[in-house]
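Peer 1: Kindly return the folded structure for what I paste below:
(chains A and B)
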Amino acid sequence: MPKASSLFSTVSAALIGLAISATGAMAEKTKIDFWFGNSGDIAKRVLEVCDHFNKSQDDFEVVCTSQNGYAAALQNTIAAFRAGKQPTLVQIFDVGTLDLMLSNAYVPAYKLMADNGYSIDWKNYLSGVRSYYATSKGDMMSFPFNSSTALLYWNKDAFAKIGKSAAPATWEEAEADMKALKDAGYDCPMAIDITSNESWQLLEQFSAIHNQPIATRNNGYDGLDAELTFNKTKFVQYVTDLKRWYDAGLIKLKSEKAGEDYVTAFAAGKCQMTLTSVGDHGTITRTASPDMHWDVAMLPVYAGTERKNSLVGGASLWTLAGHSPAEYKAAAAFLNFIGQPEQALFWSTVTGYIPVTKTGYEYMKSNGFYDKAPGKGREVAIASLTASEPTPITRGIRLGGFLQIRNEVGNALQAIFANQASVQAGLDDAVARGNAILRRFEATYKGATLP
Amino acid sequence: MEKRARFSSTWLGLALIVPQALLIFTFFYWPAGEAVFWAFTLQRPWGGGNEFVGLQNFSAVLGDPVYWRSVERSFIFAFASTGAAMGAALTLALLVDRMLPGHFIYRAALVWPYAIAAPALGLAFRFILAPDAGVVSFVNKLWPGAWDPTINGFDAMVAIIVAYSWKSVGYNFIFLLSAMQSVPKALIEAAAMDGAGALRRMRDIQIPLLTPTLFFLLVLNISGSFQDAFGIVDIMTKGGPARATELMVYKIYFDGFEGLDYSGAAAQSLVLMSLVILLTFVQFRFVERRVHYG
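Peer 2: Here you go, the predicted structure:
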């Protein structure tokens, strides 16, 4: 019958067409997934990096998806991992490092690159950066990606009014400057926040540059039985001083929940000093008025302190277990690509993050990146990270449940500033609760050894 | 002899229930079962091992003074927001029922807040109640430091109660207004003829006859406020300052998802569930007695 035969021919033509396209598809690239946490402007930059990689070669394709937040990226990846649908590459922030390290869910970076035939000079990574993500023997488990450190941002115009042309190098000097600024009529000499994870600037970076421990066992590097000690270090003095300055009106608390966070307040010229990440350097460059003169400096130390290296912040890239060798080949190619000096130049130009390799830094210097805006000033971050070789307690922090511990520190600071607790009592309480969290973490990973 | 209608086909009834039962199983019983399992072990976030620890998670949770304070705060929040929401809704419903000028607009508009998602609401109220720049900041210009939800725990609690009650008023209002339609007009007219004023009629006739609806709303509001407040707390205060607004539900989220302490959070959520069940049971046992079922 004519109808049936025409139907038959259409169907067979379609099937042949499908077969041809299917064989064509056999020569397709290996696709891998990369989940990252940044959102907003920086997310667009990450997508540009992925695009550069995809265009630079024909064998691999990396599909990059923003998870809209570091915590969300970690949670989503854990859920995907438990369902067997995890991506090949994931960006995990500093706080999530230890849980992942103690699991069998990843392939160490040094092993991945060696297995796929890449010889990476691991010593090329800045020592302060390398030590955070490496085993106790120095083998790197993940690739640093967006690294930053904390800096003091200061308003040059305001300081000129009080007759100073350099940022304070010590906290004693900073106190005198804040008093002078207040007397000169500035309402907010310094802005800080204590409602989120400002423990990063106020506790962690402070302790590192002053060579003070945050916990025993070298901040947790040597064992899961570490205990917090920041209620017995110089940090107590620092909190006492911060509270004194807050009571005297020299420091204002600026947070998003109050309507304006400290970065916005500084960029608007409302506050004259603040402590935040070098990653905000680009944001402030873009949002501050062109007439405002400002600069960055290393975090102040107490007089007489021998400054040590500050800690790296940000996130690193982990390769997850459970994928095929072809996918690992693609991941290794991508990680090798972003480690190239040209990519470091691109990445550090469009974001405030700093280059993590010595060659990347030298390349950027030779390109004149640090001689003019927007790069001028960011080399201070590198100087801060390399102020000294990492000591056993300035390698980094390797404590479990650290997000909860940061929350305890934040709550303690809030109680102290609201006059609900004395400085020592508040910090003692934070340490007690933090230790309970550490013991719980230790019990969860009973029998596990730190790599 | 009464003839009762009987539904003769059992399998049809069961078949119609199956989709709903499947949903309830997938989205409640299964996760709840997992939570029970997790609450009795120590879960590693990335998998790879869990250790049975019996009641240790529960004793850790129930022995923590910070946890009991969050229980206390959740109770205060529940009763304060329920009282505010139901009080405001009752007043508005009584006034609208009296057909005062403009009642048509109120009938339509008062339910809209309920449709707003909690995070959007939290963001709006965060701006409105901001100490330096918000709509309410004129108070701080008159009395400096009078209102500061970022450092004063009491102010922060007031802020989230206001935001949450604002959302619930619409929901309660609609129920109360429609319940008022079932109050016989004849009773009200008779009372008016006997000389009862508007307030007297409200107190002696309308409210007592509304008690079934009031009881229903009480149960719903209280059990809802233990859980639905999460969006508002997360956006407005994140549990601060110094834990002043850390409700049980927020603590579960923070410990579980951000702190990666899955077992502790599972234990806490079981405690929360038992508490809400207990509270509902108490309400049915002791409060329902005072309800006039017409």
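Peer 1: Wait, B:Trp147 touches B:Phe138, no?
Peer 2: No: judged on Cβ atoms under 8 Å, B:Trp147 makes no contact with B:Phe138 at a distance of 9.7 Å. C-beta coordinates here come from the backbone N, C-alpha and C atoms, glycine included.
Peer 1: any idea how far the closest residue to A:Ile120 other than its chain neighbours is from A:Ala330?
Peer 2: Spatial nearest neighbour of A:Ile120, chain neighbours left out: A:Met113 (5.1 Å); criterion: Cβ to Cβ, 6 or more residues apart in numbering or on different chains. Note on A:Met113: its distance to A:Ala330, by Cβ to Cβ, to the nearest Å, is 13 Å.
Peer 1: Those two: which has the busier surroundings?
Peer 2: Taking other Cβ atoms under 10 Å in any protein chain shown, A:Met113 and A:Ala330 do not tie; A:Ala330 has more neighbours (26 against 21).
Peer 1: Now do the SS call for the more buried one.
Peer 2: Three-state call for A:Ala330 (DSSP: H, G, I helix; E, B strand; the rest coil): helix.
Peer 1: and what of A:Ala176?
Peer 2: helix.
Peer 1: Could you check what's spatially nearest to the spatially most central residue of chain B, not counting adjacent residues?
Peer 2: In chain B, the residue lying closest to the centroid (Cα atoms, centre = their mean) is B:Ser225, at 2.3 Å. Spatial nearest neighbour of B:Ser225, excluding adjacent residues (Cβ to Cβ, 6+ apart): B:Ala78 at 4.4 Å.
Peer 1: is it true that that neighbour touches B:Gln227?
Peer 2: No: using Cβ under 8 Å as the test, B:Ala78 is too far from B:Gln227 to be in contact (10.2 Å).
Peer 1: low pLDDT regions in the chain?
Peer 2: Using chain A. A:1-27, A:258-259 (pLDDT under 70).
Peer 1: Sorry, I should have been clearer: chain B.
Peer 2: B:1-2, B:294.
Peer 1: Chain B: strands as residue ranges?
Peer 2: B:41-43, B:50-52 (DSSP state E).
Peer 1: Could you identify which of these is most buried?
Peer 2: Among the strands of chain B, strand B:41-43 has the highest mean neighbour count (mean count of other Cβ atoms under 10 Å in any protein chain shown), at a mean of 21.
Peer 1: For residue 216, which residues are in contact?
Peer 2: Just so you know, I chose chain A. A:Thr216 makes contact with A:Ala226, A:Glu227, A:Thr229, according to Cβ atoms under 8 Å, 6 or more residues apart in numbering or on different chains.
Peer 1: hm, I was asking about chain B
Peer 2: Residues near B:Phe216 by Cβ under 8 Å, 6+ apart: B:Phe175.
Peer 1: From B:Pro208, how far off is it?
Peer 2: For B:Phe216 relative to B:Pro208 (Cβ to Cβ), the value is 15 Å.
Peer 1: With A:Arg433 instead?
Peer 2: From A:Arg433 to B:Pro208 the distance is 50 Å (Cβ to Cβ).
Peer 1: And the two? Which one has more around it.
Peer 2: A:Arg433 (20 against 14).
Peer 1: For A:Gln274, grab phi and psi.
Peer 2: Let me fix one detail, which is that residue A:274 is Thr and not Gln. phi -160, psi 160 (degrees, to the nearest 10).
Peer 1: Would you agree it is in contact with A:Cys188?
Peer 2: No: contact criterion Cβ under 8 Å: A:Thr274 and A:Cys188 do not qualify, at 9.5 Å.
Peer 1: what do these two both touch?
Peer 2: Counting by Cβ under 8 Å, 6+ apart, the residues touching both A:Thr274 and A:Cys188 are A:Ala265.
Peer 1: what about stretch A:418-429 and chain B, touching?
Peer 2: Yes: looking at stretch A:418-429 against chain B by Cβ under 8 Å from any Cβ of the partner chain, the contacts come from A:Ala418, A:Gln420.
Peer 1: How about that stretch, which residues are buried there?
Peer 2: A:Ala418, A:Ala421, A:Val423, A:Gly426, A:Leu427, A:Asp428, A:Asp429 (16 or more other Cβ atoms under 10 Å in any protein chain shown).
Peer 1: Spell out which residues sit in contact with the first one, please.
Peer 2: Contacts of A:Ala418 were listed using Cβ under 8 Å, 6+ apart, and they are B:Ile151, B:Asn152, B:Gly153, B:Pro241, B:Ala242.
Peer 1: can I assume the second one is in contact with B:Ala242?
Peer 2: Just to be clear, that refers to B:Asn152. No: using Cβ under 8 Å as the test, B:Asn152 is too far from B:Ala242 to be in contact (9.9 Å).
Peer 1: out of the two, which sits in the more crowded spot?
Peer 2: Taking other Cβ under 10 Å, B:Asn152 and B:Ala242 do not tie; B:Ala242 has more neighbours (25 against 19).
Peer 1: how close does the more buried one get to B:Pro149?
Peer 2: In terms of Cβ to Cβ, B:Ala242 sits 12 Å off from B:Pro149.
Peer 1: May I have the beta-bridge partners of the residue most central in space within chain A?
Peer 2: By Cα atoms, centre = their mean, chain A has its centre lying nearest to A:Gly314, at 0.7 Å. Counting by DSSP bridges, A:Gly314 forms beta bridges with A:Ser147.
Peer 1: Spit out the contact partners of it.
Peer 2: Neighbouring residues of A:Gly314 by Cβ under 8 Å, 6+ apart: A:Phe93, A:Asp94, A:Pro144, A:Phe145, A:Asn146, A:Ser147, A:Ser148, A:Ser277, A:Gly279, A:Tyr353.
Peer 1: Over to B:Lys141?
Peer 2: So B:Lys141 contacts nothing (Cβ under 8 Å, 6+ apart).
Peer 1: Am I right that A:Thr319 falls within a strand?
Peer 2: Yes: counting by three-state DSSP, A:Thr319 is located in a strand.
Peer 1: A:Phe53 reaches A:Asn336, doesn't it?
Peer 2: No: applying Cβ under 8 Å, one finds A:Phe53 not in contact with A:Asn336, separated by 9.8 Å.
Peer 1: nearest residue to B:Asn172 other than its sequence neighbours?
Peer 2: Nearest to B:Asn172 is B:Ala89, by Cβ to Cβ, 6+ apart, at 3.4 Å.
Peer 1: I'd like to know how far that neighbour sits from B:Ala78.
Peer 2: Taking Cβ to Cβ as the measure, B:Ala89 falls 16 Å from B:Ala78.
Peer 1: Compare the two and say which is more crowded by neighbours.
Peer 2: B:Ala89 (25 against 22).
Peer 1: Confirm for me that the more buried one is in contact with B:Trp166.
Peer 2: No: judged on Cβ under 8 Å, B:Ala89 makes no contact with B:Trp166 at a distance of 11.0 Å.
Peer 1: quick one: the helices in the stretch 201-350 of chain A?
Peer 2: With DSSP state H, counting those that start in this stretch applied, the stretch 201-350 of chain A shows helices at A:206-209, A:216-219, A:234-247, A:262-267, A:280-287, A:325-338, A:341-350, listed in chain order.
Peer 1: okay, the ones you listed, which one's buried deepest?
Peer 2: Highest mean neighbour count among these (mean count of other Cβ under 10 Å): helix A:206-209, with a mean of 28.
Peer 1: Give me the contacts around it.
Peer 2: Against helix A:206-209 from outside (Cβ under 8 Å, 6+ apart): A:212-214, A:230, A:233-235, A:238, A:298-299, A:301, A:305, A:307-311, A:384, A:387, A:393-394.
Peer 1: if you skip the residues just before and after it, what's nearest to residue 162?
Peer 2: This is for chain A. A:Ala180 (4.1 Å).
Peer 1: you looked at the wrong chain, it should be chain B
Peer 2: Computed as Cβ to Cβ, 6+ apart, the closest residue to B:Val162 that is not its neighbour in sequence is B:Phe125, at 7.0 Å.
Peer 1: correct me, but that neighbour touches B:Tyr164?
Peer 2: No: using Cβ under 8 Å, B:Phe125 makes no contact with B:Tyr164, being 9.3 Å away.
Peer 1: Need the overlap of contacts for the two.
Peer 2: Common contact partners of B:Phe125 and B:Tyr164 (Cβ under 8 Å, 6+ apart): B:Ile232.
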